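S.K.: pasting the structure only:
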């Protein structure tokens, strides 16, 4: 730990450390204890602020430190690192672990960690008034008995419990007797590691062993310094245990702690007699139930994406911007001015020609993609702000396990509906290489990006049955490829566990900020690419290269049953998925596609190769060999599925 | 700002180095706990929002 102490503590005052998650009322408690005379300074060597003040209880003065928010004793962020350093460096009279009464089960594992560490802890169950308001009854005496530490119920904002808390601080005598047992095999592993530790630590060897088993790198360095030559033996023991268990011990220990906490809370939390759980809690349970969760998912997809993005964004707004503003006014005005003032054919074509920067790139970006992406990001941000996504992860975990993934893969796959390129980068958060490859394949193949999804929803919504066929084919391909890839790609199958945050009403401010930020980011990313694509297409037209490319693709188009003009949409699609979808929109607007052709083109374009940016990120994340392999498989599969679908639709007469 | 996925409070300053994938600078905050890519509000928007918060606080 750092040599520098956070508090001057020059007067040698006994210290009270306030610890806990962010937003549980630590700062309010700090103010209630210390009053107005406090100092805020950066923790040495960091930009993290720590507040200090003093308080007097029964004639005895204490120094109070408000530590940055932390979720567990094992730090991930700088704030958590600082909070832990303070905890371990200071010799506290008392550590007050402040928790939110409404989320006691989620926060209690950290209390266990603090007790395990041998720190002098008292538990402050704050926001008790809100918990009671929603019908929660907490037996604090029983919890105190089970934990073996003082437990105080408070609602600090209403000054409730402050007096009791002050008397606990004044009368506290360190007893530290509680010990929480884990599963027998885990206990044996802990014992093995504890037996190797001989150095002196500020926390109990059992807590050191647990953190080492969880691969706490900061602590590993401290152990190395403390143990000297014995460190090699400790590492060998840790490796031996990890190898023997063949599982993620970090997750295992967290799950064990959760189990212990559930046991501790048995009989402690009860609902008010005859009172039903709050609606948010019931809705939360419904979203994760396989039956009601599936139905709710369909409702979210129908209203959020089909009606709002496809109907309103890709329909109403695009019709107005594209049809009325651009086609009705802007484009004719720009073309007539160009006819009048630009005598050079090449410049005329570059600006207002078939692939002109003004008539194609800007029109696609502003009139087609932006409204759709905007609608998508509004819907996405609302859903995100409710806390639905972690519930979706739990819902699909079972299905994802069949395709070699788990609920965690919901993060990149959901983000893929925004932008596949960014989502491909996020696959690095998945635990194993196998999962990362599987998620990359599925993103490249079956997850359409927001603009592509919006345009396709808008186009197919006008043809009865087309949308059902498109979504069924995509789901089928997603599952089939996932199942096959899971069998073919070797590797581990990790477990999935996550804490579910409370369901909440979306905040308009959050939704607005997220939507505007995402739209700005998207626009900055697509606009230059659309202009570059437009210039390249113009250059292709001027040199005859584009004709050559289109002619080269004609046999493929014929196999798919598509008109030769559809080649352009596929060439566009390689620049950007959304650019390709916009090309498809033009084809449909010009009446060049039948219902069958539109469905086949939409399916093939959705499955078609990832765009240039996505391919480059794939190469960066997975290397040339894997990314070229994915590229080849996805291209071949897209055209094969398109070909089969065309034959099936023509033979069966569906959509004809 | 809370993570849109795990709802944990995102630190003001993240220690991670930028991956360089966003053209024109960082526009995403990757949650250090779950890895979810949260949108990072641009400076101008942040300024406007902070101004609004300040004026709201002053009127209270």
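M.R.: Nice, thanks for sending it over. On a predicted model such as this, the values are computed, not experimentally measured, just so you know.

S.K.: For chain B, just list every one of the helices.
M.R.: Ranges of helices in chain B, per DSSP state H, are B:43-59.

S.K.: SS state for residue A:405?
M.R.: At residue A:405 the chain is in coil, as set by DSSP: H, G, I helix; E, B strand; the rest coil.

S.K.: Name all residues that make contact with it.
M.R.: A:430, A:435, A:438, A:439, A:482, A:486 (Cβ atoms under 8 Å, 6 or more residues apart in numbering or on different chains). Placement of C-beta: from N, CA and C, glycine included.

S.K.: quick one: low-confidence parts of the chain?
M.R.: The chain I'm using is chain A. A:1-11, A:36-37, A:176-177, A:246-247, A:273-274, A:491-495, A:609 (pLDDT under 70).

S.K.: was after chain B, sorry
M.R.: Ranges of chain B meeting pLDDT under 70: B:13-25, B:49-60.

S.K.: where exactly do the strands run in it?
M.R.: B:28-30, B:37-39 (DSSP state E).

S.K.: which other helices and strands contact the last one?
M.R.: Packed against strand B:37-39 by the contact rule (3 or more Cβ pairs under 8 Å, 6 or more residues apart in numbering or on different chains; DSSP states H and E) you find helix A:420-426, helix A:508-543, strand B:28-30.

S.K.: Please see if the second one touches chain B.
M.R.: Yes - contact between helix A:508-543 and chain B is present through A:509, A:513, A:514, A:516, A:517, A:518, A:520, A:521, A:524, A:525, A:528 (criterion: Cβ under 8 Å from any Cβ of the partner chain).

S.K.: which of those count as buried?
M.R.: Among the residues of helix A:508-543 next to chain B, those buried by neighbour count (16 or more other Cβ atoms under 10 Å in any protein chain shown) are A:513, A:514, A:516, A:517, A:518, A:520, A:521, A:525.

S.K.: my guess is the first one contacts residue B:42, does it?
M.R.: No - with contact defined as Cβ atoms under 8 Å, residue A:513 does not count as touching residue B:42 (9.9 Å).

S.K.: buried residues in stretch A:312-328?
M.R.: Quick answer for stretch A:312-328 (16+ other Cβ under 10 Å): A:312, A:313, A:314, A:315, A:317, A:318, A:321, A:322, A:326.

S.K.: Next up, the contacts around the residue of the stretch 251-400 of chain A found nearest chain B.
M.R.: Per Cβ to the nearest Cβ, residue A:384 is where the stretch 251-400 of chain A lies closest to chain B, at 4.2 Å. If you count contacts by Cβ under 8 Å, 6+ apart, residue A:384 has them with A:514, B:4, B:5.

S.K.: Which member of the residues you listed is positioned nearest residue A:233?
M.R.: Residue A:233 has its nearest neighbour among the contacts of residue A:384 in residue B:5, at 40.3 Å by Cβ to Cβ.

S.K.: that older thread, grab the two from the residues of helix A:508-543 next to chain B that are most spread out in space.
M.R.: A:509 and A:528 (30.3 Å).

S.K.: Show the residue spans covered by the helices in the stretch 301-450 of chain A.
M.R.: Shown for the stretch 301-450 of chain A, the helices assigned by DSSP state H, counting those that start in this stretch span residues A:318, A:331-341, A:345-352, A:370-386, A:388-402, A:410-416, A:420-426, A:433-446, A:450-460.

S.K.: Compare those and give me the one nearest residue A:253.
M.R.: For the helices of the stretch 301-450 of chain A, proximity to residue A:253 was assessed by Cβ to Cβ; helix A:388-402 is nearest, at 20.6 Å.

S.K.: Need the three-state assignment for residue A:476.
M.R.: With three-state DSSP as the criterion, residue A:476 reads helix.

S.K.: ok, it - how many residues close by?
M.R.: 12 (other Cβ atoms under 10 Å in any protein chain shown).

S.K.: Tell me which residues touch the residue of chain B found nearest chain A, please.
M.R.: Residue nearest to chain A within chain B: residue B:35 (2.7 Å; Cβ to the nearest Cβ). Counting by Cβ under 8 Å, 6+ apart, residue B:35 touches A:411, A:426, A:428, A:429.

S.K.: Return the member of those nearest to residue A:295.
M.R.: Out of the contacts of residue B:35, the member with the shortest distance to residue A:295 (by Cβ to Cβ) is residue A:411, at 23.3 Å.

S.K.: Just want the phi and psi numbers for residue A:65.
M.R.: With angles defined as degrees, to the nearest 10, residue A:65 sits at phi -120, psi 130.

S.K.: returning to what we had before: got the strands of chain B as TSV, with distance to residue A:534 and mean neighbour count columns?
M.R.: Output for those, formatted as TSV (distance: least, Cβ to Cβ, whole Å; neighbours: other Cβ atoms under 10 Å in any protein chain shown):
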stretch	distance to residue A:534	mean neighbour count
strand B:28-30	27	20
strand B:37-39	27	22
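
S.K.: And these: which comes nearest residue A:292?
M.R.: strand B:37-39 (28.6 Å).

S.K.: hang on, residue A:206 packs against residue A:194?
M.R.: Yes - counting by Cβ under 8 Å, residue A:206 touches residue A:194, with 5.9 Å between them.

S.K.: Would you mind listing what in chain A touches chain B?
M.R.: So chain A meets chain B at A:21-23, A:47, A:69, A:71, A:76-79, A:384-385, A:387, A:389-390, A:411, A:415, A:421-422, A:425-426, A:428-429, A:498-499, A:501-502, A:509, A:513-514, A:516-518, A:520-521, A:524-525, A:528, A:617 (Cβ under 8 Å from any Cβ).

S.K.: Would you mind listing the outside residues contacting stretch A:510-517?
M.R.: Stretch A:510-517 is contacted by residues A:374, A:377-378, A:381-382, A:384-385, B:4, B:27, B:38-42, B:45, B:49 when judged by Cβ under 8 Å, 6+ apart.

S.K.: How about residue A:73, nearest residue that isn't a chain neighbour?
M.R.: residue A:113 (4.2 Å; Cβ to Cβ, 6 or more residues apart in numbering or on different chains).

S.K.: phi, psi of that neighbour?
M.R.: The phi/psi pair for residue A:113 (degrees, to the nearest 10) is phi -60, psi -40.

S.K.: Next, the contact list for it, please.
M.R.: A:72, A:73, A:207, A:210, A:257.

S.K.: Looking at the residues you listed, which one is closest to chain B?
M.R.: Closest approach between the contacts of residue A:113 and chain B, by Cβ to the nearest Cβ: residue A:72, at 9.6 Å.

S.K.: now that closest one, what's its secondary structure?
M.R.: On the basis of three-state DSSP, residue A:72 is classed as coil.

S.K.: mind listing what's buried in stretch A:447-466?
M.R.: Per 16+ other Cβ under 10 Å, stretch A:447-466 contains these buried residues: A:447-461, A:463, A:466.

S.K.: State the number of residues packed around the residue nearest to residue A:520 when sequence neighbours are not counted.
M.R.: The shortest distance from residue A:520 to any non-neighbouring residue, by Cβ to Cβ, 6+ apart, is to residue B:42 (6.0 Å). The number of residues packed near residue B:42 is 18, by other Cβ under 10 Å.

S.K.: Hmm, residue B:48 and residue B:42 touching each other?
M.R.: No - applying Cβ under 8 Å, one finds residue B:42 not in contact with residue B:48, separated by 10.0 Å.

S.K.: out of the contacts of residue B:35, what pair is the most spread apart?
M.R.: A:411 and A:428 (10.9 Å).

S.K.: what about those two, which has more around it?
M.R.: Remark: of residue A:411 and residue A:428, residue A:411 carries more neighbours, 26 against 15, as counted by other Cβ under 10 Å.
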